[in-house]
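Peer 1: Build the 3D model from these lines:
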Amino acid sequence: MKKLLLVLASLAMIIGLCACGGGGGLFAKPTPTPIPEIDPATLITTDDVALNAGYTPVIEESGTSRNGNVATVLYRSEPIGQNDTVTVKVTQFTDTIDYQMLFDQYEQEKSKRSSAELVEGIGQESYIAFPTIHVYDRGCIIEITAGSGSDDNQKTLLKNLAITAAGRLESIIPDNTGQNKE
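Peer 2: Below is the predicted model of the structure:
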């Protein structure tokens, strides 16, 4: 009987020690992985715009604007109006907005675009509704607006910029989250 009480007391003490303190233990809450704050200027740079749009842009003086989980950067020509602008907007997941909610938002916007043309091979899913290409990838929506046309040159410009942006996003957010659209 004494041995049983000793074993139970020892077990209770071990469980108590594992649960106390801030360093973890059996009952410790897991530390969440920090969510990277994505700057659209890292997905598409001035060099990318220059290479694809054919002019050397400047970032709008205000820089990257942020409103909640949405960040936007505007590239324009100098002087203003000489060439079309390029806008990159990223809507990303947060600790309160998950991947599925953003994918549902992406799908809802796509359903509103009667002229949406699906594009294969960019992100997890993408479509063009001129003058914007919309990409869903890694729990983020990337929207790139460039120019004002709707011809093959415009389509190539949008695709090239989107391929670059999605590639950089995939290096920032590796696909180990297990939270892809399905």
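
Peer 1: same for the longest helix along the chain, what does it pack against?
Peer 2: Using DSSP state H, we find that the single longest helix of the chain is helix 152-172. Packing partners of helix 152-172 (3 or more CB pairs under 8 Å, 6 or more residues apart in numbering; DSSP states H and E): helix 40-43, helix 46-53, strand 86-92, strand 125-129, strand 132-137, strand 140-146. C-betas here are computed from N, CA, C, even on glycine.

Peer 1: can you put these in JSON lines and add mean pLDDT, distance to residue 168 and mean neighbour count?
Peer 2: Output for the helices and strands packed on helix 152-172, formatted as JSON lines (pLDDT from 0 to 100; distance: least, CB to CB, whole Å; neighbours: other CB atoms under 10 Å):
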{"stretch": "helix 40-43", "mean pLDDT": "96", "distance to residue 168": "5", "mean neighbour count": "21"}
{"stretch": "helix 46-53", "mean pLDDT": "94", "distance to residue 168": "9", "mean neighbour count": "17"}
{"stretch": "strand 86-92", "mean pLDDT": "96", "distance to residue 168": "11", "mean neighbour count": "23"}
{"stretch": "strand 125-129", "mean pLDDT": "97", "distance to residue 168": "15", "mean neighbour count": "20"}
{"stretch": "strand 132-137", "mean pLDDT": "97", "distance to residue 168": "10", "mean neighbour count": "24"}
{"stretch": "strand 140-146", "mean pLDDT": "96", "distance to residue 168": "10", "mean neighbour count": "24"}
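
Peer 1: so where's this structure uncertain?
Peer 2: Low-confidence segments of the chain (pLDDT under 70): 1-34, 176-182.

Peer 1: ok, now with 80
Peer 2: 1-35, 81, 148, 175-182 (pLDDT under 80).

Peer 1: what's the span of stretch 45-62 from first residue to last?
Peer 2: End-to-end distance of stretch 45-62: 16 Å, with CA to CA, to the nearest Å as the criterion.

Peer 1: contacting residues around that stretch?
Peer 2: Under the contact criterion CB atoms under 8 Å, 6 or more residues apart in numbering, stretch 45-62 has outside partners 41, 73-78, 82-84, 86, 146-147, 157, 160-161, 164.

Peer 1: tell me the contacts of the one residue sitting closest to the centre of the chain?
Peer 2: For the chain, the residue sitting closest to the mean C-alpha position, by CA atoms, centre = their mean, is residue 140 at 3.2 Å. Residues in contact with residue 140 (CB under 8 Å, 6+ apart) are 38, 90-93, 102, 169, 173.
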